[in-house]
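J.: Structure of the sequence below:
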Amino acid sequence: MTTVVRTFALVRNEDVSGVSGKGVVAVGAVFPTGRVITEWLPGRIDVRSFNIYQSIEELELVNGHNGATVVVWDYSGAVEEIPA
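T.: Numbering: from 1, shown residues only. Down below sits the predicted model:
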């Protein structure tokens with residue numbers, strides 16, 4: 001099992017629901033266990049929330065809207081391996 005936490009942005013290319021707007025709608029992290037947490041950013045209305053998913057695939061299934069929303073991985077190197 002890896003000890004790296006991977007970060008990402010959830011980018012909505014089409015706002016299917018009419019609530020979130022387009023662009024970066026959430027940021028999140030995938031933990032070494034594979035579980036995912038997202039922080040939803042305020043969109044057209046100022047509602048913020050956190051969600052936990054069992055996997056990135058589950059996140060995409062629930063929020064991907066058939067490709068209208070995509071995960072964009074952070075490759076900036078800002079996230080480093082957690083010491084064992």
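
J.: What segments of the protein are helices?
T.: If you assign secondary structure with DSSP state H, the helices in the chain sit at 56-63.

J.: quick one: low-confidence parts of it?
T.: The chain contains residues with pLDDT under 70 at 1, 18-19, 77-84.

J.: try it again with 90
T.: Filtered on pLDDT under 90, the chain yields the residue ranges 1-4, 12-23, 41-48, 63-69, 75-84.

J.: which residues does Glu39 contact?
T.: Applying C-beta atoms under 8 Å, 6 or more residues apart in numbering, we find Glu39 in contact with 26-28, 48-50. For glycine as for every other residue, the C-beta is placed from the backbone atoms N, C-alpha and C.

J.: Separate out the buried members of these.
T.: 26-28 (16 or more other C-beta atoms under 10 Å).

J.: The residue nearest to Arg6 when sequence neighbours are not counted bridge partners, please.
T.: Counting by C-beta to C-beta, 6 or more residues apart in numbering, Arg6 lies nearest to Val30, which is 4.6 Å off, once chain neighbours are set aside. Counting by DSSP bridges, Val30 is bridged to Arg6, Val36.
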